[in-house]
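A.B. asks: next one to model:
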Amino acid sequence: MKLEIGFGTTPQLVEVPDANVIGVLTPNQVEIACKGAPVVAAALQNPIGTPVLGEIIHPGEKIVLITSDATRPVPSYKILPAILEELWRAKVHPEDVTVVFALGSHRRQTAAEMKKLVGEAVFNQVRCVDGDPGDFVHMGETALGTPVDITRIVAEADRRIGVGNIEYHYFAGYSGGAKAIMPGVSTRAAIQSNHSRMVLPSAAAGRLEDNPVRMDIEEAIAYCPLDFIVNVVLDEHKEIIHAVAGHYIQAHRVGCRFLDSLYRKEIQRQADIVIVSQGGAPKDLNLYQTQKALDNAKHAVSKGGVIILVGSCKEGLGEEVFEQWMTQAPTPESMVERIQRDFQLGGHKAAAIALVLQNADIYLVSQLDPDFVRDIFMQPYSSVQGALDAAFTKLGGDASVLVMPYGGSTLPVMAGE
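C.D. replies: Numbers count the residues shown, from 1 in each chain. Predicted structure coming up:
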C-alpha cells in the first residue's frame, strides 16, 4: 500500500506491505446543513438544559461573557454578536455587559488584539478586558485541594456566560464547557494544582466522567456558577459547523458527542507501529504544534511499540519554555516528575512527550538536526520510509501498522471503550 503523508509543503510517500496495515484513520464524513454565525443563532434558540437566555438574564444585572484569548481558535467575532442580540432583546443595557478574555496564565493582550478577536462592532458596544489573575476572589477549594481563585470581575458578576470551542484536549478530555472558569479566569496557583493531575492515566483525550482534571474543573463551578454556555465545533478551516448552548455540562456533552461523530475512530487493537502526521503545513511548523498528533497517536500504539511522528518542524521547537524543558531535562522521567510540582505552560507539552516515551519509542521524521533530536530523547529520520524500515528492523517484519494522516484531528479509541 502506497500512502501520502503530510510533511511541510511537500508530502512524503511511504510503502507499507498490505498484510501489515490494520487501518488508515481519516475523519468521518458528517453532513453539515450550514456554517458560521447562523449555526450559533439556531443554538441560542434551542438551548440544552436551560431556558433561553432571555429568560435567565434580567435588566440591571452585571453580566460577563467569558471568551478565549488570541492563543485559541474561538471565532468570538462570529459568536458574540448573536449573544448580544439576545441580551438586547432582554432589555439589558450595554454598560452592564463586559467581555472578559480568559487568559489562564497567558500574557495580557493589546486593545488591537481584543478588537480583532471580538470584531469592531462588539468592541465599540461593550467593555472588553483581560482577566486579571492578580486581582481575584478566593471562593473555595475543590475536593482535590485546587483553590477556586477567580478573577474578580467574573467572581462578582451577577451572570456568567461561557463562550468557547470544543475539541479534544489531551488531559482534560475536551475543551469548552466549564474550562471558561477553570483554567480560563483562574489564578496560576489554581491552574497548576488542577493541571498537575495530567500525569494520571485517566486524564486523557476524549475522556470525561472519570477524568480527574475535568472533574476538578467542573467541581469549581459550584463556587462560581456558569449560567449559560455557547460552544462551537470548528472544521479544519476554523469555520463553525456546529454549536450548542445552555447548561455548562448538558450542552457541553452534546457538543462533545458531535465532535466524536467527526473525529473519534474506533480501532480493534493497538498497532506495533503508528505512523502519524499533523497533515503538513502549517500545522507541523514546529514540534510544539506537532505534539498534538503525537498525543492522539499514543492511544493507538501497543506497549513497546514505535510511533513514527512526521512533521517538518522547520521552525524548531516553537516555544521557549517547551524548549527549555526538552533540552535541559536529564531524562524523560524527570519531566514527568517536575510537572507535578512545577506546572508550566510549555513544560506541560514536554511532560506529555515524556509520558508517551514511557510506553513507546518515538521516531521523528523532521528537518531538525539529528543530534538535536537524539538529545531530546527521540530517534531522527529524514524520511517516513526510512523510519518505517527501521521500525520493522526493531519489531520484526510482521509488525502491525496503523496510519493517522491527520493525527491532530483524529482520536483512536479501542472498540468498546
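A.B. asks: hey, let's count contacts and neighbours off CA atoms from now on
C.D. replies: OK.
A.B. asks: who's in contact with G134?
C.D. replies: 151, 187 (CA atoms under 8 Å, 6 or more residues apart in numbering).
A.B. asks: got the phi and psi for it?
C.D. replies: Backbone torsions for G134, taken as degrees, to the nearest 10, come to phi -80, psi -20.
A.B. asks: how far away is it from S196?
C.D. replies: G134 is 21 Å from S196, where distance means CA to CA, to the nearest Å.
A.B. asks: distance from the chain centre to the lowest-mean-pLDDT helix or strand in the chain, please.
C.D. replies: When the helices and strands of the chain are scored by mean pLDDT, DSSP states H and E, helix 188-195 comes last with a mean of 86. Remark: helix 188-195 is offset 17 Å from the chain centroid, using CA atoms, centre = their mean, to the nearest Å.
A.B. asks: give the buried residues for that helix.
C.D. replies: Residues of helix 188-195 classed as buried: 188-195 (neighbour count, 16 or more other CA atoms under 10 Å).
A.B. asks: flag the shaky bits of this structure, pLDDT-wise.
C.D. replies: Residue ranges of the chain with pLDDT under 70: 71, 104-107, 417.
A.B. asks: beta partners for the residue positioned nearest the centre of it?
C.D. replies: For the chain, the residue sitting closest to the mean C-alpha position, by CA atoms, centre = their mean, is H169 at 3.8 Å. H169 has these beta-bridge partners by DSSP bridges: G173.
A.B. asks: do I have it right that it meets A205?
C.D. replies: Yes - between H169 and A205 there is a contact at 5.2 Å, judged by CA atoms under 8 Å.
A.B. asks: circling back to that earlier point, ok, now which ones touch the residue nearest to the centre of the chain?
C.D. replies: H169 sits next to 175, 204-206 when contact means CA under 8 Å, 6+ apart.
A.B. asks: again, but for R152
C.D. replies: R152 is in contact with 132, 135-137, counting by CA under 8 Å, 6+ apart.
A.B. asks: grab the nearest non-local neighbour of it.
C.D. replies: Among residues not flanking R152 along the chain, F136 sits closest, at 4.5 Å (CA to CA, 6 or more residues apart in numbering).
A.B. asks: in the sheet, who's paired with the one you found?
C.D. replies: Bridge pairing for F136 - DSSP bridges - gives T151.
A.B. asks: and stretch 371-380, what's buried?
C.D. replies: By 16+ other CA under 10 Å, the buried positions in stretch 371-380 come out as 373, 376-380.
A.B. asks: part of a helix, is D272?
C.D. replies: No - read with DSSP: H, G, I helix; E, B strand; the rest coil, D272 is strand and lies in no helix.
A.B. asks: so it touches V301, yeah?
C.D. replies: Yes - the criterion here is CA under 8 Å, and D272 meets it with V301 at 5.9 Å.
A.B. asks: quick check: neighbours shared by the two?
C.D. replies: Counting by CA under 8 Å, 6+ apart, nothing touches both D272 and V301.
A.B. asks: now the strands: where do they sit in the stretch 51-200 of the chain?
C.D. replies: Remark: strands assigned in the stretch 51-200 of the chain by DSSP state E, counting those that start in this stretch are 63-68, 97-102, 127-130, 136-141, 147-151, 159-165, 168-169, 173-174.
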